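>>> attaching a predicted model along with its sequence, questions to come.
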Amino acid sequence: MEQTAQRWSTLTAPPATQFTRWREVICEAFLALTPESDLRDGFAGTVTQWPLAELSIARIDSQRQRVRRTARDIERVPQHGYCANLQLRGTSLMVQHGRSTVLGPGDLGIVDATEQGAFEFGGDFRQLSLWVPQRLLDDQLSAPVRTATRLATATGPGAAVRHVLTALTKGDLTEGNAARMAVHACAILAIALEERVRDDTAATPMRHDRLHACALADIDEHLGDDDLSAPATARRLGISVRLLYSLFADRDHSYATEVRRRRLEHARRELQDPARAGRRIVDVAVEAGFPNVTSFHRAFRREFGRTPAQVRMTGSGPARP
């Protein structure tokens with residue numbers, strides 16, 4: 001017998017009730033969750049789920065939203081297991097246990113359903129989510145599962161997991177074979193998780209130095225980006241946020257302090273450049289990554305002991321506000 005899938009969609013409800021229907025859909029088909037979105041009328045969301053004996057896999061297609069697994073959700077519907085989420089389209093931010101990671105297309109991340117967590121989807125997305133009973137994964141690992149970390153799937157065990165999860169949603173396997181394949185996917189997933197931990201902990205001082213230099217280069221390249229953050233830098237470097245923070249742990253400046261310091265230094269150079277004397281201070285602040293000019297003035301004076309206008313006066317003549 002081939003796999004049978006069950007499908008839920010908001011498109012069967014009137015537009016005015018589609019987001020309400022979505023709240024019901026994901027709790028019925030997927031996991032007890034609390035979604036929030038600025039979209040209401042015409043909210044599109046579909047969940048297709050394939051049973052795999054004691055496991056299951058779901059394909060979620062939807063629009064921008066923030067989803068939380070709250071203490072109330074956990075108390076109301078306790079579920080002891082993990083969701084292995086494979087991003088197929090769009091991006092998502094996963095937060096749990098004080099860690100956060102950004103998943104892009106092809107990335108894989110794990111979330112523990114027994115703990116609180118959050119996901120943010122900035123636009124339309126598609127994601128596969130494999131439900132794994134807690135004991136099935138825990139019994140194969142020598143350390144607790146590190147949730148909210150990114151597993152690359154281009155090569156190695158991560159690639160094997162990606163191929164299996166994709167195959168499980170094709171619908172051309174028998175139920176028995178699909179269930180057996182899902183169990184094998186859990187074993188490969190455990191290997192991928194173990195390898196990720198090994199990669200993070202095996203970083204030598206020389207590798208730390210190289211990665212720290214790469215992190216600084218990434219900060220400089222994206223200095224004016226509104227979304228410059230530790231998760232964004234870690235994603236571009238292909239490392240965990242935890243490892244990124246460790247690169248700055250024994251340095252003079254933390255990641256956040258380094259970003260602020262370099263933004264201020266960039267602004268000071270701009271203000272002291274005679275060729276840039278015609279630019280408004282507010283434009284310099286925004287270009288340096290400070291959308292709030294008041295906070296920029298405050299941080300600048302605290303860092304250099306002078307206001308931006310005073311720095312410009314000494315270097316290139318009268319300041320423009």
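Nice, I can see it.
>>> pretty sure Phe43 is in a helix, no?
No - under DSSP: H, G, I helix; E, B strand; the rest coil, Phe43 sits outside any helix and is assigned coil.
>>> quick check: pLDDT value at it.
If you check Phe43, the pLDDT there is 95.
>>> report the contact partners of it.
The contact partners of Phe43, by C-beta atoms under 8 Å, 6 or more residues apart in numbering, come to 10, 18-19, 22, 37, 63. Bear in mind the C-beta positions are built from the backbone N, C-alpha and C, glycine included.
>>> rerun at 10 Å
By C-beta atoms under 10 Å, 6 or more residues apart in numbering, Phe43 lies in contact with 10-11, 13, 15-23, 35, 37, 62-65.
>>> got phi/psi on it?
The phi/psi pair for Phe43 (degrees, to the nearest 10) reads phi -70, psi 120.
>>> how close does it get to Glu36?
12 Å (C-beta to C-beta, to the nearest Å).
>>> what do those two both touch?
19, 23, 65.
>>> ok, and the most crowded of those residues?
Scoring those on neighbours with other C-beta atoms under 10 Å, the highest-scoring entry is Phe19 at 23 neighbours.
>>> surely that one touches Ile26?
No - here Phe19 lies out of contact with Ile26, judged by C-beta atoms under 10 Å, at a distance of 11.2 Å.
>>> any residues in contact with both of these two?
Residues touching both Phe19 and Ile26 (C-beta under 10 Å, 6+ apart) are 35, 45, 65.
>>> dump the residues you listed into TSV; add distance to Gly98 as well.
Below are the shared contacts of Phe19 and Ile26 laid out as TSV (distance: C-beta to C-beta, whole Å):
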residue	distance to Gly98
Pro35	22
Gly45	29
Gln65	23
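>>> and which of those is nearest Leu137?
Ranked by distance to Leu137 (C-beta to C-beta), these are led by Pro35 at 25.5 Å.
>>> in which helix or strand would I find the nearest residue to that closest one once chain neighbours are set aside?
The shortest distance from Pro35 to any non-neighbouring residue, by C-beta to C-beta, 6 or more residues apart in numbering, is to Val67 (4.7 Å). Following DSSP states H and E, one finds Val67 within strand 65-69.
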